[in-house]
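Student: quick one: sequence plus predicted model below, questions after.
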Amino acid sequence: MQPMIMNYLNLLEFSYTNALIQDDCPPASRLAFIASAVFDFTTYEDEIAAVFAAKGIEVCNAISKRQTFEYIKTVENHYWYLLLLNTPFFMNRIEWGTSIRGAWWRSTLPPLNSHQLYSWTDQLLEIQFKDMDWLEFIAAITQFTKDETTCTCPSGDGSLRWPCPVHPPAAQPAVQKDAVDTERMSKLLQCCTEFSVKYHPDQRPRQMTMVFRDSVENSAGFREELGKAIDQFNPIAITTQEEA
């Protein structure tokens, strides 16, 4: 079984950036990525996947905070709550007493299976959660997608739309591999450093990032830009036992 990741937010950031770089059809948004990587929804339409994920995150938080009855007071939320709780992601992880409307997380959770989550070079096909780790993971998902789950529509519910992260008028264009901005590359490199320190303490962060640069199969233009970013990157110093 794969080792448990304590910094779930960095895990999501790293995996999302990896998907933007590596996937032939990269996710159009963070919510679309979570829909596939965590909830295991299959839509082939990123806009719809984003809606599914946003509602899934709402339901997760309602269960985590034991506020399910408050959440389902609106007709729409009641509909989504019952629908989502009958999907495999939720059904295998919840329990309830006299009504499913008062569901809570099981004390023993099944592992999360995914093919899109990575800890550095390790693909985490299975993650086992214990104690409060599941609640921390849900909190990390919420933080990871927070900029895409706040409605800015004039009506507040999507009935009058403008470019809104929750109710987009159309699917966003796929990210081009050659157009990855400097901030995203910097974030990726920071994640590389953190994960390499934790799981590969015998190798310096710069060595790990160089391995990454050489192993990623992308366009020459992107590889050149990533190389420049790595050359400017100042990794934290590590003192090995031999050097100490």
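Tutor: Looks like it came in fine. Numbers count the residues shown, from 1 in each chain.
Student: how is the chain carved up into domains?
Tutor: As recorded under automatic domain parsing, the domains making up the chain are 8-148, 177-232.
Student: helix, strand or coil for the nearest residue to Ile138 once chain neighbours are set aside?
Tutor: In this structure, Ile138 finds its nearest non-sequential neighbour in Cys60, 4.8 Å apart by C-beta to C-beta, 6 or more residues apart in numbering. Quick note: C-beta positions are derived from backbone N, CA and C, even for glycine. Secondary structure for Cys60, judged by DSSP: H, G, I helix; E, B strand; the rest coil, is helix.
Student: residues touching Cys60, list them.
Tutor: By C-beta atoms under 8 Å, 6 or more residues apart in numbering, Cys60 lies in contact with Ile138, Ile141, Thr142.
Student: neighbour-wise, which of these leads?
Tutor: Looking at these with neighbours defined as other C-beta atoms under 10 Å, the largest count falls to Ile141 at 24 neighbours.
Student: hmm, Ala35 and that one touching each other?
Tutor: No. With contacts counted by C-beta atoms under 8 Å, Ile141 stays clear of Ala35, the gap being 11.0 Å.
Student: pLDDT weak spots in the protein?
Tutor: In the prediction, the chain carries residues with pLDDT under 70 at positions 1-6, 120-121, 131, 149-244.
Student: quick one: the helices in it?
Tutor: If you assign secondary structure with DSSP state H, the helices in the chain sit at 8-22, 30-37, 46-64, 68-71, 75-85, 88-91, 133-144, 182-199, 205-215, 220-232.
Student: just the C-alphas of stretch 88-107, formatted as PDB.
Tutor: Listed in PDB are the C-alpha atoms of stretch 88-107, where the atom choice follows Å, rounded to 0.1, in the frame of the first residue of the first chain:
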ATOM      1  CA  PRO A  88     -19.700   4.700  -5.300                       C
ATOM      2  CA  PHE A  89     -17.500   7.400  -3.900                       C
ATOM      3  CA  PHE A  90     -20.000   8.300  -1.200                       C
ATOM      4  CA  MET A  91     -21.900   5.100  -0.700                       C
ATOM      5  CA  ASN A  92     -18.800   3.200   0.200                       C
ATOM      6  CA  ARG A  93     -17.800   5.800   2.800                       C
ATOM      7  CA  ILE A  94     -20.900   6.700   4.700                       C
ATOM      8  CA  GLU A  95     -23.200   5.300   7.300                       C
ATOM      9  CA  TRP A  96     -26.600   6.500   8.700                       C
ATOM     10  CA  GLY A  97     -29.100   5.700  11.300                       C
ATOM     11  CA  THR A  98     -32.800   6.200  10.600                       C
ATOM     12  CA  SER A  99     -32.300   8.300   7.500                       C
ATOM     13  CA  ILE A 100     -29.600   8.800   4.800                       C
ATOM     14  CA  ARG A 101     -30.200  12.500   5.200                       C
ATOM     15  CA  GLY A 102     -28.200  12.400   8.400                       C
ATOM     16  CA  ALA A 103     -25.300  10.400   7.000                       C
ATOM     17  CA  TRP A 104     -21.800  10.500   8.500                       C
ATOM     18  CA  TRP A 105     -18.400   9.200   7.400                       C
ATOM     19  CA  ARG A 106     -17.600   5.700   8.400                       C
ATOM     20  CA  SER A 107     -15.000   5.200  11.100                       C
END
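Student: which residues does that stretch contact?
Tutor: Contacts with stretch 88-107, where a contact means C-beta under 8 Å, 6+ apart, come from 38-40, 56, 59, 63-64, 66, 68-69, 72, 81-82, 84-85, 109-110, 134-135.
Student: among the residues you listed, which ones are buried?
Tutor: Neighbour counting by 16 or more other C-beta atoms under 10 Å classes 38-39, 56, 59, 63-64, 68, 72, 81, 84-85, 109, 134-135 among the contacts of stretch 88-107 as buried.
Student: show me which of those residues is closest to Gln123.
Tutor: Checking the buried ones among the contacts of stretch 88-107 against Gln123 by C-beta to C-beta gives Val38 as the nearest, at 14.8 Å.
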